[in-house]
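Chemist: any chance you could fold what I've pasted below:
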Amino acid sequence: MLGLGNSVSGSSYVSMDLKDATTDLELWLKNGVGVTAAKWDDSSGNNNHATQATEINQATVSNGGLDFEETNSAHYDLTSTITIAENQGFCMAVVVDQESASDNTILSKDSNDQIRIADQNTFTIVTNDPTQTTTSMKFTDGAVLAAGPKMLILVNRSAGVSNRFTFFKNGTQLTFDTDTSSNEAEGENPFGFDINVLGSRAGTSQFFDGKILELAFWSKRLSTQEIADVNSYLQGIHGL
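Modeler: Numbers count the residues shown, from 1 in each chain. This next block holds a predicted model:
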């Protein structure tokens, strides 16, 4: 097994089924499984499929995932809303290949519930508390979220009063710039949120521009070993 923060090559990875290897898997849009322009089947077993009946708003099937064009307002609705309560942990792992890195929404419900790549150096999570608290994760390395090539992002929030965040790119944990980040590791954003839209902010703005190749979401914090295994599996599958 791999340890936290380790990287692996595409030729050596943990062979696993995400729904068997971890608990509380709420959504798994698995690469190459049940993908059409109108629907991406949920492989988690929860039947929480991503669907879009309006052709003009559909993405294009590409490399086992979906290629979103922001000019087409491409986005998908989930069959069911996933709710993360106040003080609840969660984890999201997603493989993306961005055409541009500006307000690329991955998951949302409305303007107060959103997970997105804000720019090439900032990842944000907006919660649904009365003040619309935003976590802004900025990184010391700079431009780590730039457009192309494809990358694996894993963001994990612990449960309880601390609610600390950790962030991984291609299996390696990144360091936050504490001078410019907010709420990323000090327990200042324990609030909950809901998600039921893929690829845009509530289906109306901040559309994703590029490919979403795989996505998994858990309604719990993943352990150190689970993070290592999920990173290893997705790196191997996607050659990262």
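
Chemist: which ones are touching residue 137?
Modeler: 122-124, 155, 165, 167, 176, 181, 184 (Cβ atoms under 8 Å, 6 or more residues apart in numbering). Yep, even glycine has a C-beta here, placed from its N, CA and C like the rest.

Chemist: could you rerun that using 10 Å?
Modeler: Residues in contact with residue 137 (Cβ atoms under 10 Å, 6 or more residues apart in numbering) are 118, 121-125, 145, 155, 165-167, 174, 176-177, 180-185.

Chemist: do the same with residue 42
Modeler: The contact partners of residue 42, by Cβ under 10 Å, 6+ apart, come to 25-30, 33-34, 48-50, 78-80.

Chemist: from residue 101, how far out is it?
Modeler: Counting by Cβ to Cβ, to the nearest Å, the gap from residue 42 to residue 101 is 27 Å.

Chemist: now the buried members of the contacts of residue 42.
Modeler: Neighbour counting by 16 or more other Cβ atoms under 10 Å classes 25-30, 48-50, 78 among the contacts of residue 42 as buried.

Chemist: please flag which of these sit within strands.
Modeler: Residues of those located in strands (DSSP state E): 25-29, 50, 78.

Chemist: most widely separated two among those?
Modeler: Farthest-apart pair in those is 25 and 50; separation 15.2 Å (Cβ to Cβ).

Chemist: contacts for the helix or strand of the chain with the lowest mean pLDDT, please.
Modeler: The least trusted helix or strand in the chain, going by mean pLDDT, DSSP states H and E, turns out to be helix 18-21, with a mean of 81. Contacts of helix 18-21 with the rest of the structure, by Cβ under 10 Å, 6+ apart, involve 14-15, 25, 28, 30, 43-46, 93, 214, 216, 218, 225-226, 229-230, 233-234.

Chemist: how about stretch 96-112: buried residues?
Modeler: Buried, per 16+ other Cβ under 10 Å, within stretch 96-112: 96-98, 100-101, 103-110, 112.

Chemist: kindly report the same for stretch 63-75.
Modeler: Residues 64-68, 70, 73-75 are the ones in stretch 63-75 that count as buried (16+ other Cβ under 10 Å).

Chemist: same deal with stretch 192-212?
Modeler: Residues of stretch 192-212 classed as buried by neighbour count (16+ other Cβ under 10 Å): 193-203, 206-212.

Chemist: now do stretch 117-129
Modeler: In terms of neighbour count (16+ other Cβ under 10 Å), stretch 117-129 has its buried residues at 117-128.
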